[in-house]
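>>> here is my input; please provide its structure:
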Amino acid sequence: MARRKRKEDEAGDWVAPDFDEVSYMRTEIESARTAVATIAWAVVGAIVSFLLYAALPFLAFLAFLAGLGVGFAMYFVFPLLGLKTRAFKRKDWIGHGVTYFFSWLAFWILLLNPPFGDFTDPTIQAVSVSPFRTGYLGDLLCAVPASGSVSIPLSGNDTILVLFRATDNVGLSSLRVDVSPMPTIVSLTPTSHAGQPSQCAGHRAETYLGGTFSVSFQPAASGYTVTITAVDNRQRSASVTFQVTVR
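Okay, here's the model as predicted:
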């Protein structure tokens, strides 16, 4: 009984420490201010990464490291901006570092895409070549130039039809098809077929997708070099070259 009483007496002597409400509120307010400053600082890091990537797109890792370096600079810059970070512990800096990293990454990705930036080349795909004649409404051969060349039998036709898709994530500023020899290089203006019924054999139930174009020319030689060039609004370009043999 004496031992139990002694333990109860000792438990009764414990007094909870004083809670400094003012200090706690000041710490929370300063932490909130730092969180807002961290997100704003992430915008600065994203702009630095964007500018470096725009100037040196082949050194993307340098832009990535620069963004991380701006993040580490928070430790030295924030006190200069009047933020009271002296009382911050390691877990506080880790939390703000994680906030910076994901905010910086999100802002950077945002800047890399339209309308802020455009670092994607146009695409040229679904290229096919068919013999054709004016007024023909039947199936088209739509032969794909595998390995950069294709052989086309005219079989009573008088025209070569080149069908292809050219697209860009923003929009194309120019699109041309160069054919040689004609007897010299001739630039042809493509005609859009987006949304029209397909004439390719085996695909008549489909419609041409957006960005589908065609050009045609009447052959006067046994072989031609065809080059399709697409340029977007930021002057980024893509081209496809293939050989057409007429037999």
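
>>> which residues does Phe88 contact?
Neighbouring residues of Phe88 by C-beta atoms under 8 Å, 6 or more residues apart in numbering: Thr34. C-beta here means a position set from N, CA and C on the backbone, and glycine is covered the same way.

>>> equivalent analysis for Trp104, please.
42, 45-46, 49, 67, 70-71 are the contacts of Trp104 under C-beta under 8 Å, 6+ apart.

>>> please repeat the previous calculation with a cut-off of 10 Å.
Residues near Trp104 by C-beta atoms under 10 Å, 6 or more residues apart in numbering: 38-39, 41-49, 67-68, 70-71.

>>> looking at these, which one is closest to Ser130?
Nearest to Ser130 among the contacts of Trp104: Ser49, at 47.0 Å, using C-beta to C-beta.

>>> can you point out the buried residues in the helix or strand where the closest one lies?
Per DSSP states H and E, Ser49 falls inside helix 21-55. Going by neighbour count (16 or more other C-beta atoms under 10 Å), the buried part of helix 21-55 is 30-31, 33-34, 37-39, 41-42, 44-50, 52-53.

>>> avg pLDDT for it?
Helix 21-55 shows an average pLDDT of 87 in the prediction.

>>> contact partners of the next helix or strand after that helix?
Heading C-terminal from helix 21-55, the first helix or strand you meet, by DSSP H and E, is helix 60-72. With C-beta under 10 Å, 6+ apart as the test, helix 60-72 has contacts from 38, 41-42, 44-57, 59, 77, 96-97, 99-101, 103-105, 107-108, 112, 119.

>>> where are the low-confidence patches of the protein?
Within the chain, the segments meeting pLDDT under 70 span 1-24.

>>> my read: Trp108 touches Val44, true?
No - using C-beta atoms under 10 Å, Trp108 is not in contact with Val44, being 11.2 Å away.

>>> for this protein, what spans make up the strands?
Here the chain has its strands, by DSSP state E, at 123-132, 149-152, 159-167, 172-180, 186-188, 191-192, 212-217, 223-232, 237-246.

>>> so which bits of the last one are buried?
Okay, so that is strand 237-246. 238, 240, 242, 244, 246.

>>> tell me the angle it makes with strand 172-180.
Angle of strand 237-246 versus strand 172-180, following axes from the mean of the first three to the mean of the last three C-alpha atoms, to 10 degrees, is 30 degrees.

>>> tell me which other helices or strands strand 237-246 touches.
Judged by 3 or more C-beta pairs under 10 Å, 6 or more residues apart in numbering; DSSP states H and E, the packing partners of strand 237-246 are strand 123-132, strand 149-152, strand 159-167, strand 172-180, strand 223-232.

>>> note down every partner strand of the second one and its orientation.
Within its sheet, strand 149-152 is paired with strand 237-246 (parallel), according to DSSP bridges.
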